[in-house]
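A.B. asks: could you work out the structure for the sequence below:
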Amino acid sequence: MLFARLKVKKGTEGEAKRAALSIIEKSRAESGCLNYDFHQVIDDAAVFLWHETWENETAIDAHANSLHFKEFSQAIENITDEPLQITLTRMVSEKA
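C.D. replies: Sure, this is the predicted structure:
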């Protein structure tokens, strides 16, 4: 499982949201993608979060090297307020 956090400069929230939304369909269609959800923080609209589940790290690496992810990264590179933070996790509870 992967959690990602991105903070963009105030006033660029719409641009960041459009860029992220534009890759959801392609990301969900990737081999190894089990879940790909995109969120915006309620009390800070400049912060976006992703909750992603991939079959394995190979699938995560393929996503990170995909053309659509590289295009997304280029689209946001000048509007980020903090570097993209990615946290890989392992679920320790049982699935609900």
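A.B. asks: residue ranges for the strands of this structure, please.
C.D. replies: Assigned by DSSP state E, the strands in the chain fall at 2-7, 33-40, 47-54, 85-88.
A.B. asks: can you give me the neighbour number for the spatially closest residue to Glu57 that is not a sequence neighbour?
C.D. replies: Counting by CB to CB, 6 or more residues apart in numbering, Glu57 lies nearest to Leu88, which is 7.6 Å off, once chain neighbours are set aside. All C-beta atoms are positioned from the backbone trio N, CA, C, and that covers glycine. Using other CB atoms under 10 Å, the number of residues around Leu88 comes to 12.
A.B. asks: could you shift the numbering so residue one becomes 13, and keep it that way?
C.D. replies: Understood, numbering begins at 13; the last thing we discussed is Leu100.
A.B. asks: thought Leu100 was touching Ala76?
C.D. replies: No: with contact defined as CB atoms under 8 Å, Leu100 does not reach Ala76; the gap is 11.5 Å.
A.B. asks: and the residue nearest in space to the middle of the chain, what is it in contact with?
C.D. replies: With distances taken as CA atoms, centre = their mean, the residue of the chain nearest its centroid is Trp62 (4.4 Å). Residues in contact with Trp62 (CB atoms under 8 Å, 6 or more residues apart in numbering) are Leu14, Phe15, Ala16, Arg17, Ala32, Tyr48, Asp49, Phe50, His51.
A.B. asks: OK, contacts around the third one?
C.D. replies: So that's Ala16. Leu61, Trp62, Glu64, Leu96, Gln97, Ile98, Thr99.
A.B. asks: follow-up on the earlier one: in CSV, list the strands of the chain along with mean pLDDT and distance to Glu89.
C.D. replies: Below are the strands of the chain laid out as CSV (pLDDT from 0 to 100; distance: least, CB to CB, whole Å):
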stretch, mean pLDDT, distance to Glu89
strand 14-19, 98, 11
strand 45-52, 98, 18
strand 59-66, 97, 15
strand 97-100, 96, 15
